[in-house]
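> Predicted model and sequence follow; I will ask about them next.
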Amino acid sequence: MDLIDLVRGATFDDLRFAPRLSVVERRDPSSIDLSCRLSEHLTLARPIVSANMDTVTRAEMAIVLAEEGGIGVIDRGFRDGDIEPQVREVEIVKRTQHGIIADPYAIAAGAPLSEAVAVMARSGVGTLVVVGEGRRLEGLLSERDVRFVDPAVAVGERMTPADRLVVHRGPITVDEAERIMVARKIKKLPLVDERGALTGLITAKDILKHRQMPFATRDAQGRLKVGAAIGARGDYLERAAELVKAGVDVLVVDIAHGHSAVMERAMREFRRRFPDVEMIAGNVATAEGARFLADRGANGVKVGIGPGGGCTTRINTSFGVPQVQALVECRRALGDDGLPIVADGGVRRDGNIVQALVFGGDSVMLGSAFAGTTESPGEVVQKSVLLPESQKPVAVPFKVLRGMASLGAIKDRLDVEDDDVADLQALGAEGLEISVPARGSARTVLRDMFKHLCSAISYGGASSLPELVRLFRAHPEQYVIRQTDAARRESYER
Ligand code: XMP
């Protein structure tokens, strides 16, 4: 039977997989390959993307995602024309970790210490490089050098001068730098060119992070990768230009209905201005929609109309495609080795992730799965909740998850696709605001997901995610079971 006939009208909880002979010794994410393609030119060690929602992904979440091998997409939930706040989030991620810091914060020897203190406070950096004319390296100034000292004193009087530093001349690899740092017992290694001009800085802290996080998603300079969303109207091109300048690694042209004339125009203009910028477009949920975006220059396609946890599109409009059907249709339209698909929305339990990946997604975008975690933006509010067993009220900390088309989110950015915004009570919202109990770090949530994904790979008779996808797509009929209502109860009712 054709897979598309098997899954028409179906989504994750309608389907189960039959287990196969297991071939892995240990279900361990550090030894099982979970890598995937995010878009045409980007790969991830872990197939998880955090959603561009203003209650899900800002810098803090994007950092955790990239450190753990996935990637975060910073939302565009800022007012039209207000580009700087989104750019700042991207800059924070790009400055979190480095291999070689190409442009370390620098100061002149003649500057007063008060200026150095201000730069340290603003940047959060504890060591400044002191440079002279032509960026000649003159020394290093650390927090310890400025503590308890008259702020009017010149930087040059307190710095450790270059002739007392270990300095590397010419190109170097991170491994070589590590060897030098161990041998010479130093924490900072400034790099200079033949003329003694500063070319970079390597810190022990960054090297340590590289060792501790071998799966992290990094760019060529060792910085964490990050994505950012833009719209298809208004300031989107200017926003894109600023985000690219800040070092964003992938842009997501994201609107609710990506198979549209609005999107067509936006993609044409985008590609005219940014022919080489990696760009994922969405959302679509049909074969025609996926081909429409592929034909217009997208490097990846985001699939999902209406499955999102904070989404009411299907309730309000009756439109949308059950997510498994959408993934199978779009994958078929693009070809098995065609453009990567980001399966966006509808993951309510970890077991849904492997489904999204074998049915057509290359990576999975999650919103509500990260709601309430420490790294999600927003305040924690205490709410009184009645304990069912004892009927006693207890104060429980909550955070808010809101759909990007919810009334609150629309009002905050006043970015309605309908031009008539006069009646603020009838904005045509297609999203919810939900209180979610505050819980621990998204890192724990992610690591749990990776372990569950490894277990799924084991049950599926594969030794890696790419292999499971290959096995499944060659013979989906050997895996897929349509659940009856009773089977569903057996799966979920506890
Ligand atoms: P989950 O299920 O992971 O889904 O929470 C995240 C995805 O939901 C979409 N999204 C929305 N869809 N109205 C919608 O129709 C909304 O207000 C809304 N907010 C988010 C989005 O694709 C996200 O990645």
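That came in fine, so what should we check first? Numbering: from 1, shown residues only.
> Against V93, how distant is the spatially most central residue of the chain?
With distances taken as C-alpha atoms, centre = their mean, the chain has G72 as the residue nearest its mean C-alpha position (0.9 Å). Here G72 is placed at a distance of 8 Å from V93 (C-beta to C-beta, to the nearest Å). C-beta: built from backbone N, CA, C; applies to glycine.
> anything in contact with each of those two?
Taking C-beta atoms under 8 Å, 6 or more residues apart in numbering as the contact criterion, the common neighbours of G72 and V93 are 62-63, 66, 226.
> quick one: which of those is nearest to the ligand?
Closest approach to the ligand among those (C-beta to the nearest ligand atom): A62, at 14.1 Å.
> Quick one: check the helix or strand hosting that closest one for contact with the ligand.
Element membership of A62 [criterion: DSSP states H and E] is helix 59-67. No. Interface with the ligand: helix 59-67 contributes nothing (C-beta under 6 Å from any ligand atom), its closest point being 12.8 Å away.
> Packing partners of the helix or strand following that helix?
For helix 59-67, the following helix or strand on the C-terminal side (DSSP H and E) is strand 71-74. Strand 71-74 is packed against strand 48-50, helix 59-67, helix 84-96, strand 227-230, strand 250-254, with contacts defined by 3 or more C-beta pairs under 8 Å, 6 or more residues apart in numbering; DSSP states H and E.
> Please read off the pLDDT at the residue nearest to S142 when sequence neighbours are not counted from the model.
Of all residues beyond its chain neighbours, the one nearest S142 is T127 (4.7 Å), with distances taken as C-beta to C-beta, 6 or more residues apart in numbering. Predicted confidence (pLDDT) for T127: 94.
> and T127, how many neighbours?
The burial count assigned to T127 is 19, neighbours taken as other C-beta atoms under 10 Å.
> how near is it to D193?
Using C-beta to C-beta, which is the criterion applied here, T127 is 20 Å from D193.
> okay, the angle between the helix ranked longest in the chain and helix 59-67?
Using DSSP state H to define each element, the chain has its longest helix at helix 442-459. With axes from the mean of the first three to the mean of the last three C-alpha atoms, to 10 degrees as the criterion, the two stretches helix 442-459 and helix 59-67 enclose an angle of 30 degrees.
> Just confirm yes or no for helix 442-459 near the ligand.
No. Legend: contact between helix 442-459 and the ligand by C-beta under 6 Å from any ligand atom is lacking; minimum distance shown is 12.0 Å.
> helices or strands up against the next helix or strand after that helix?
Beyond helix 442-459 in the direction of the C-terminus, DSSP H and E gives the next helix or strand as helix 465-474. Contact here means 3+ C-beta pairs under 8 Å, 6+ apart; on that basis helix 465-474 packs against helix 351-359, helix 442-459.
> residue contacts, the residue in the stretch 201-350 of the chain positioned nearest to the ligand?
Proximity to the ligand, evaluated over the stretch 201-350 of the chain using C-beta to the nearest ligand atom, is greatest for G308 at 2.3 Å. Taking C-beta under 8 Å, 6+ apart as the criterion, G308 is in contact with 51, 344-346, 367-368, 403, 431.
> Just the C-alphas of the helix or strand bottoming out on mean pLDDT in the chain, formatted as CSV.
Least confident helix or strand of the chain, by mean pLDDT, DSSP states H and E, is helix 407-413 with a mean of 80. Extracted C-alpha coordinates of helix 407-413, given in CSV (Å, rounded to 0.1, in the frame of the first residue of the first chain):
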residue,chain,number,x,y,z
LEU,A,407,-4.2,38.5,20.5
GLY,A,408,-1.5,39.4,22.9
ALA,A,409,1.4,38.8,20.4
ILE,A,410,-0.4,40.6,17.6
LYS,A,411,-1.2,43.6,19.8
ASP,A,412,2.4,43.7,21.1
ARG,A,413,3.8,44.1,17.6
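> now check that helix, is it near the ligand?
No. Against the ligand, helix 407-413 shows no contacts by C-beta under 6 Å from any ligand atom, the least distance being 6.7 Å.
> Buried ones in that helix, by neighbour count?
Burial within helix 407-413, assessed by neighbour count using 16 or more other C-beta atoms under 10 Å, is assigned to 407, 409-410, 413.
> can you tell me which two in those residues are farthest apart?
The two members of those with the most space between them (C-beta to C-beta) are L407 and R413, at 11.8 Å.
> How about the residues of the stretch 51-200 of the chain by the ligand?
Taking C-beta under 6 Å from any ligand atom as the test, the list of the stretch 51-200 of the chain residues beside the ligand reads 51, 53.
> how about the strands of the stretch 51-200 of the chain, start to end?
With DSSP state E, counting those that start in this stretch as the definition, the stretch 51-200 of the chain shows strands at residue ranges 71-74, 106-107, 127-131, 137-142, 160-161, 168-169, 188-192, 198-203.
> Give the partner strands of the first one in its sheet and their orientations.
If I follow you right, that is strand 71-74. With DSSP bridges as the criterion, the sheet partners recorded for strand 71-74 are strand 48-50 (parallel), strand 227-230 (parallel).
> can you list contacts of the last one?
With contacts defined as C-beta under 8 Å, 6+ apart, strand 227-230 is touched by 49, 52, 62, 71-76, 86, 89-90, 236, 239-240, 243, 248-254, 280.
> next SSE after that strand?
Next helix or strand after strand 227-230 toward the C-terminus (DSSP H and E): helix 236-245.
> who does that next one touch, helix- and strand-wise?
When contacts are defined as 3+ C-beta pairs under 8 Å, 6+ apart, helix 236-245 packs onto helix 84-96, strand 227-230, strand 250-254, helix 261-273.
> okay, the angle between that helix and helix 261-273?
Going by the same axes, to 10 degrees, helix 236-245 makes 40 degrees with helix 261-273.
> Convert helix 236-245 to PDB, retaining C-alpha atoms only.
What follows is helix 236-245, C-alpha atoms only, in PDB (Å, rounded to 0.1, in the frame of the first residue of the first chain):
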ATOM      1  CA  TYR A 236      11.600  42.400   6.200                       C
ATOM      2  CA  LEU A 237      14.500  43.300   3.800                       C
ATOM      3  CA  GLU A 238      16.000  45.900   6.000                       C
ATOM      4  CA  ARG A 239      15.700  43.400   8.900                       C
ATOM      5  CA  ALA A 240      17.400  40.700   6.900                       C
ATOM      6  CA  ALA A 241      20.300  43.000   6.000                       C
ATOM      7  CA  GLU A 242      20.900  43.900   9.600                       C
ATOM      8  CA  LEU A 243      20.600  40.300  10.800                       C
ATOM      9  CA  VAL A 244      23.100  39.200   8.100                       C
ATOM     10  CA  LYS A 245      25.500  42.000   9.200                       C
END
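> List the buried residues in it.
Of the residues in helix 236-245, 236-237, 239-240, 242-244 count as buried by neighbour count, 16+ other C-beta under 10 Å.
> With stretch 7-25 instead?
Counting neighbours by 16+ other C-beta under 10 Å, the buried set in stretch 7-25 is 7, 10-17, 20, 24.
> Can it be said to contact the ligand?
No. Judged by C-beta under 6 Å from any ligand atom, stretch 7-25 stays clear of the ligand, getting no closer than 10.5 Å.
> contacts for that stretch?
For stretch 7-25, the surrounding residues in contact (C-beta under 8 Å, 6+ apart) are 32, 307, 322-325, 328, 346-348, 351-352, 354-356, 359, 454, 456-463, 471, 478-483, 487-488, 491-492.
> So for stretch 221-239, mean pLDDT?
Mean pLDDT, computed over stretch 221-239, is 95.
> sorry, that was for stretch 195-205
Stretch 195-205 comes out with an average pLDDT of 93.
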